[in-house]
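Participant: Okay, structure incoming, though there's no sequence with it:
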Ligand code: ASP
């Protein structure tokens, strides 16, 4: 059987950094250490690679995410491949994975991976995760499953996975649902089918969308300021099932009256928001005001979805449909 052709895209992050043994600082090295392992990857697949940028993931913006989408589509036209692996910093990895999941129209497996320990640290997990990601991207069962995130022997879907720990190598988890597959020494095994993800066309990402977390005693000032600051939309990580402190409600009204969409997610990391409560600031009042209730996405992913929908040519005019 011929080897699968896998396009590996390096973007930076801890996986391609080194620890300075003098200062203890982890930082990018002059050459990406992961690129010296292509010969190891070549045992399981035929690899070709690119490094469009080399950034710690807190420096990644939706512009780089769009650049990755365009790079994958363009490269496929010129040099068709069987799978894609992206190495990425873990801090915003779930956002890039979700952006690509929402916007890439392909059945080819796209797998995002990273590392919690830099390349010269004891117990470095980068090379191991990279090899696992290449194995997953080479697997026929991975086709048509949307963008996948592979670290620490687990396969997660882009819409559910989130970084849950600051330093532990098992940081990536899918709260409520769990991973959709596992990687063992001999096999790549999928045990769940991910839900079909809707696709949105994207050519620009210039809209301004804020993400604001609700808290006990929250007032209206920050939310109100978004109008003056010319934001195009806001996602609020609301309390519980989708409630806000009463003092924040007047700003929500003002934003909606100005046609600035307000999307609600929960600051709880399990469950979905619903219009249950009938008190001042409760979900029922927010729904009547025109707040859009999201479907279980976390705040950072709902923010990306709103940003893309506001710039997209094929998003339904009724934004509620996008978040159903
Ligand atoms: N701060 C790093 C980054 O996101 C962490 C990592 O790569 O894991 O680039």
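Facilitator: Yep, it's here. Everything numeric in this text was worked out from a predicted model, so none of it was measured.
Participant: where exactly do the helices run in the stretch 101-250 of the chain?
Facilitator: 126-137, 221-228, 249-257 (DSSP state H, counting those that start in this stretch).
Participant: Adding mean pLDDT and distance to the ligand, write these out as a markdown table.
Facilitator: Using the backbone N, CA and C atoms, a C-beta is placed for each residue, glycine as well. Below are the helices of the stretch 101-250 of the chain laid out as a markdown table (pLDDT from 0 to 100; distance: least, CB to the nearest ligand atom, whole Å):
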| stretch | mean pLDDT | distance to the ligand |
| --- | --- | --- |
| helix 126-137 | 96 | 9 |
| helix 221-228 | 97 | 26 |
| helix 249-257 | 98 | 31 |
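Participant: ranking those by burial, who's on top?
Facilitator: Comparing those by mean neighbour count (mean count of other CB atoms under 10 Å), helix 126-137 ranks first with a mean of 24.
Participant: Tell me which other helices or strands that helix touches.
Facilitator: On a contact count with 3 or more CB pairs under 8 Å, 6 or more residues apart in numbering; DSSP states H and E, helix 126-137 meets strand 4-10, helix 38-41, strand 45-50, strand 83-87, strand 110-113, strand 147-151, strand 181-183.
Participant: Would you single out the least confident of these?
Facilitator: Mean pLDDT values for the helices and strands packed on helix 126-137 show the minimum at helix 38-41, a mean of 80.
Participant: Could you give me the buried positions within it?
Facilitator: Buried residues in helix 38-41, counted by 16 or more other CB atoms under 10 Å: residue 41.
Participant: and if you look at stretch 113-126?
Facilitator: Neighbour-count burial for stretch 113-126 flags 113-119, 121, 124-126 (criterion: 16+ other CB under 10 Å).
Participant: Same question for stretch 295-309.
Facilitator: Judged by neighbour count using 16+ other CB under 10 Å, the buried positions of stretch 295-309 are 296-309.
Participant: Also stretch 101-109?
Facilitator: Here stretch 101-109 shows 101-104, 108-109 as buried, counting by 16+ other CB under 10 Å.
Participant: Throw those into JSON lines and include pLDDT and distance to residue 230, thanks.
Facilitator: Listed next are the buried residues of stretch 101-109 as JSON lines, based on pLDDT from 0 to 100; distance: CB to CB, whole Å:
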{"residue": "101", "pLDDT": "97", "distance to residue 230": "29"}
{"residue": "102", "pLDDT": "96", "distance to residue 230": "24"}
{"residue": "103", "pLDDT": "96", "distance to residue 230": "25"}
{"residue": "104", "pLDDT": "97", "distance to residue 230": "30"}
{"residue": "108", "pLDDT": "98", "distance to residue 230": "39"}
{"residue": "109", "pLDDT": "98", "distance to residue 230": "40"}
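Participant: Among these, which ones are in strands?
Facilitator: Here DSSP state E is the test, and the buried residues of stretch 101-109 give no hits in strands at all.
Participant: which one of the residues you listed sits closest to the ligand?
Facilitator: Closest approach to the ligand among the buried residues of stretch 101-109 (CB to the nearest ligand atom): residue 101, at 18.8 Å.
Participant: and the gap between that closest one and residue 67?
Facilitator: As judged by CB to CB, to the nearest Å, residue 101 and residue 67 stand 16 Å apart.
Participant: Now do the contacts for the closest residue to residue 58 other than its chain neighbours.
Facilitator: In space, and not counting its chain neighbours, residue 58 is closest to residue 91: 5.3 Å by CB to CB, 6 or more residues apart in numbering. Contact partners of residue 91, counting by CB atoms under 8 Å, 6 or more residues apart in numbering, are 13, 56-58, 163.
Participant: near the ligand, which residues of the stretch 51-200 of the chain show up?
Facilitator: 56-58, 89-91, 114, 116 (CB under 6 Å from any ligand atom).
Participant: go with 5 Å
Facilitator: Counting by CB under 5 Å from any ligand atom, the stretch 51-200 of the chain comes close to the ligand at 56-57, 89-91.
Participant: quick one: residue 155 and residue 149 touch, right?
Facilitator: Yes. In this structure, residue 155 is within contact of residue 149 by CB atoms under 8 Å, at 7.5 Å.
Participant: List the buried residues in stretch 12-27.
Facilitator: Buried, per 16+ other CB under 10 Å, within stretch 12-27: 12-19, 26.
Participant: And that stretch, end to end?
Facilitator: End-to-end span of stretch 12-27 (CA to CA, to the nearest Å): 10 Å.
Participant: who wins for neighbours among the residues of the stretch 51-200 of the chain next to the ligand?
Facilitator: When neighbours are taken as other CB atoms under 10 Å, the top entry among these is residue 90 (24 neighbours).
Participant: What residue in the stretch 1-150 of the chain comes nearest to the ligand?
Facilitator: Relative to the ligand, the nearest point of the stretch 1-150 of the chain is residue 89 (2.1 Å; CB to the nearest ligand atom).
Participant: Give me the secondary structure label for that residue.
Facilitator: The three-state label given to residue 89 by DSSP: H, G, I helix; E, B strand; the rest coil is coil.
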